[in-house]
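Participant: What follows is a predicted protein model with its sequence.
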Amino acid sequence: QVQLVESGGGLVQPGGSLRLSCAASGFTLDYYAIGWFRQAPGKEREGVSCISSSDGSTYYADSVKGRFTISRDNAKNTVYLQMNSLKPEDTAVYYCAADWLCSWYRDEYDYWGQGTQVTVSS
C-alpha cells in the first residue's frame with residue numbers, strides 16, 4: 001500500500017524552527033519528486049517547496065525562500081522540510097505529495113500524506 005506520512009509539526013514561537021518529515025512506505029521515494037504544500041484556514045492549498053528525483057534540484061515559493069530547506073534521505077525513504085525563522089503566516093497544515101516531476105499544481109500529484117499542523121504563535 002502506497003503511503004506518505006508527515007510528522008514534526010507543532011506549536012512554535014515566531015522566529016523558531018521546526019523540521020517536518022515525510023516518510024514513504026509501499027514505494028521507493030528515489031524515483032519520485034516530492035512536494036510540500038500547505039493550507040491555512042480559509043485559503044487554497046499552496047506549494048511551498050519541491051525536490052526532484054533526477055538530480056535533487058530544489059524549488060521554493062518566494063514566501064519561504066531563504067528560510068526553508070528541503071532535502072531527501074533515500075536510505076531512510078524520507079524527505080525533510082527544515083523551517084527556520086518561522087512567522088505567524090506560516091501557520092497551516094503541511095502536506096507532502098509525490099509525483100514524477102516537481103510542480104506547483106496540486107492536481108499533478110498522485111500521492112498525498114494526511115498532513116501535519118504547524119502553528120506559529122507567541
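Facilitator: That came through fine.
Participant: ok, now which ones touch the most centrally placed residue in the chain?
Facilitator: Residue closest to the mean C-alpha point of the chain, counted by C-alpha atoms, centre = their mean, is W36 at 2.7 Å. Contacts for W36 (C-beta atoms under 8 Å, 6 or more residues apart in numbering) come out as 20, 22, 47-50, 70, 79, 81, 94-97. The way it works is simple: take the backbone N, C-alpha and C, and place the C-beta from them, glycine included.
Participant: Repeat the analysis, applying 10 Å as the threshold.
Facilitator: With contacts taken as C-beta atoms under 10 Å, 6 or more residues apart in numbering, W36 has the following neighbours: 6, 20, 22, 47-51, 60-61, 64, 68, 70, 79-81, 83, 94-97, 113.
Participant: Let's verify it: helix, strand, or coil?
Facilitator: Under the three-state scheme (DSSP: H, G, I helix; E, B strand; the rest coil), W36 adopts strand.
Participant: pLDDT score assigned to it?
Facilitator: W36 carries a pLDDT score of 98 in this model.
Participant: Please name the bridge partners of it.
Facilitator: Note on W36: beta-bridge partners S49, C96, judged by DSSP bridges.
Participant: quick one, strands of the chain?
Facilitator: When assigned using DSSP state E, the strands of the chain occupy the ranges 3-7, 10-12, 18-25, 33-39, 46-51, 58-60, 68-73, 78-83, 92-99, 111-112, 116-120.
Participant: Just the C-alphas of the last one, formatted as CSV.
Facilitator: Extracted as CSV, the C-alpha positions of strand 116-120 are listed here (Å, rounded to 0.1, in the frame of the first residue of the first chain):
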residue,chain,number,x,y,z
THR,A,116,0.7,17.8,9.9
GLN,A,117,-0.3,21.0,11.7
VAL,A,118,2.2,23.8,12.1
THR,A,119,1.2,26.7,14.4
VAL,A,120,3.5,29.8,14.8
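Participant: who touches that strand?
Facilitator: Applying C-beta under 10 Å, 6+ apart, the contact partners of strand 116-120 are 5-16, 18, 20-22, 38, 40, 81, 83, 86-96.
Participant: and the closest residue in space to G35 that isn't next to it in sequence, how many residues sit next to it?
Facilitator: Closest residue in space to G35, ignoring its immediate chain neighbours: C50 at 4.1 Å, by C-beta to C-beta, 6 or more residues apart in numbering. C50 sits with 25 neighbouring residues when counted by other C-beta atoms under 10 Å.
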